[in-house]
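# sequence plus the predicted model coming up.
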Amino acid sequence: MLQDDSLMNVTRHFTSIARIIRAQRPFVFLVALARAIQPILAQQKLDQHLLPPGYTYDKSDWWSQLRRGDADPGVTVQKRETAVSNFRILGIDQGDKDTFGKAASKLGKAQNVQRGDASTGRSQICYTSLQDHPKKIHLVFESGEVSDLFYLFADGPDWKGSDLCVKSISVTKNLSVASGLRLGQTPAEVKAILGEPSAAMGNKIIYSLTFEKKTSLSDFDKLTTR
């Protein structure tokens, strides 16, 4: 399949060829168009060959915060720090030097899927519950240019690469982060752990926090080894 940039190149070639052979027969036009597309397809095949294994252009990972590349518009950013236990699950901390390796040692090795580039570039490994009913639970670890995240969610539409999720006995509806956050909690229970949210819309609550903190030598070492 041609990507967006390839389609633009084809369009340019198409327009130029149309001006030259507008008065010629349709068969000649099709042959000329095919010759214009051929080098584009060859270049795309070369580009695909140079990409790392597991890379995909698509943006079907609807749950990814890095995919969006920006914060929720209109949400107030709170200047306060929250407990580090909110960023730890199954003993794995966000920002660990080898998050994917630690996840693999606890949950099994999963295919590393890579998407996007620059600020939206992201690597992901996915795990799911053993049972799909009543709900399939997903635990996804994601690493970006300067951010590490994990996502814990139930159900939702499939995405390209969701079939690569590895089933694990550790991924259940009762799985929680170290602070006690888990699926199925009421907004009141979440607020008891995280405090007042930045925004609330029905049963949806959003937290956007920022704070300044001196980077420790160990944390600085993690950043420089990315």
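Sure, I can see it. Numbers count the residues shown, from 1 in each chain.
# report pLDDT for the residue nearest the centre of the chain.
Centroid check for the chain by Cα atoms, centre = their mean gives residue 64 as the closest residue, at 4.1 Å. The per-residue pLDDT reported for residue 64 equals 95.
# mind listing the strands for the chain?
Assigned by DSSP state E, the chain shows strands spanning 55-56, 78-79, 88-89, 92-93, 113-115, 122-128, 137-144, 148-154, 166-167, 199-201, 204-206, 209-210.
# between those strands, which one is nearest to residue 193?
Minimum separation from residue 193 across the strands of the chain (Cβ to Cβ) falls at strand 204-206, 11.4 Å. (Glycine included, C-beta is placed from N, CA and C.)
# who does that closest one pair up with?
Strand pairing for strand 204-206, using DSSP bridges, gives strand 199-201 (antiparallel).
# mind listing what's buried in the strand it pairs with?
Residues of strand 199-201 include none that count as buried (16 or more other Cβ atoms under 10 Å).
# so what touches it?
Strand 199-201 is touched from outside by 72, 74, 75, 76, 187, 205, 206, 208, with contacts defined as Cβ atoms under 8 Å, 6 or more residues apart in numbering.
# let's see 6 Å
For strand 199-201, the external contacting residues (Cβ atoms under 6 Å, 6 or more residues apart in numbering) are 75, 206.
# just the mean pLDDT for it, thanks.
89.
# from the chain's centre, how far out does it sit?
Here the centre of strand 199-201 is set off from its chain's centre by 24 Å, with Cα atoms, centre = their mean, to the nearest Å.
# picking that back up, dump the strands of the chain to a markdown table, plus distance to residue 103.
Formatted as a markdown table, the strands of the chain follow (distance: least, Cβ to Cβ, whole Å):
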| stretch | distance to residue 103 |
| --- | --- |
| strand 55-56 | 20 |
| strand 78-79 | 29 |
| strand 88-89 | 9 |
| strand 92-93 | 6 |
| strand 113-115 | 14 |
| strand 122-128 | 6 |
| strand 137-144 | 5 |
| strand 148-154 | 9 |
| strand 166-167 | 10 |
| strand 199-201 | 30 |
| strand 204-206 | 26 |
| strand 209-210 | 24 |
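# and those strands: which comes nearest residue 102?
Taking Cβ to Cβ, strand 92-93 is the member of the strands of the chain nearest to residue 102, at 4.9 Å.
# report the contact partners of the residue nearest to the centre of the chain.
Not one residue lies near residue 64 by Cβ under 6 Å, 6+ apart.
# with the one 3 residues further on instead?
By Cβ under 6 Å, 6+ apart, residue 67 lies in contact with 59, 61.
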